[in-house]
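A.B. asks: Structural data only, the sequence is not supplied:
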């Protein structure tokens, strides 16, 4: 002989109450007997657990859920998500400002900056006369 059980609280899988066949729920329900507890999903047996093991797991779950970490988890999760959203918005604003203000990213300035850079690199390979000493400076001084 067995009894049908349904879960009354979606957040607590061990919060079960007896019900009739019609009230058991179509998607997910439990049956309990002297041997143990069986989980059914769509009228197919999915899991079986002995009654002693189920009682041990239920007591452990109820003990653990009283820890402050689990009590405060929802508020911490909300704050963490809010903090990540704010950081993401600040990052996108900074990226937008950089794109607007960096000369290298604007096509009109990019060409002239690259040309200036190549001329400076070419000039660094030349040897120049130091006006004070009238000697050639070494190439390494410009690099």
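C.D. replies: Looks like it came in fine. Just so we're clear, the structure is a prediction, and the values are computed from it rather than from any experiment. Residues are numbered from 1 along each chain as shown.
A.B. asks: Quick check: which ranges of this protein have low pLDDT?
C.D. replies: Along the chain, segments meeting pLDDT under 70 span 1, 127-143.
A.B. asks: mind redoing it with 90?
C.D. replies: Across the chain, the ranges flagged by pLDDT under 90 are 1-47, 49, 51-52, 54-55, 58, 61-79, 95-117, 119-143.
A.B. asks: can you give me the helices for it?
C.D. replies: Using DSSP state H, the helices of the chain run over 51-64, 68-101, 107-124.
A.B. asks: Show me the domain layout of the protein.
C.D. replies: 3-64, 107-128+138-143 (automatic domain parsing).
A.B. asks: Just send these back as TSV, with distance to residue 78 and mean neighbour count too.
C.D. replies: Just so you know, the C-beta spots here come from the backbone N, C-alpha and C atoms, and that holds for glycine as well. Shown next, in TSV, are the domains of the chain (distance: least, Cβ to Cβ, whole Å; neighbours: other Cβ atoms under 10 Å):
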stretch	distance to residue 78	mean neighbour count
domain 3-64	16	13
domain 107-128+138-143	44	10
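A.B. asks: would JSON lines of the ones you listed with distance to residue 82 be doable?
C.D. replies: Shown next, in JSON lines, are those (distance: least, Cβ to Cβ, whole Å):
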{"stretch": "domain 3-64", "distance to residue 82": "22"}
{"stretch": "domain 107-128+138-143", "distance to residue 82": "38"}
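A.B. asks: Quick check: which of the ones you listed is nearest to residue 98?
C.D. replies: Counting by Cβ to Cβ, residue 98 lies closest to domain 107-128+138-143 out of the domains of the chain; the figure is 14.1 Å.
A.B. asks: Pull the distance from that closest one to the chain's centre.
C.D. replies: Taking Cα atoms, centre = their mean, to the nearest Å, the mean C-alpha location of domain 107-128+138-143 is offset from the chain mean by 45 Å.
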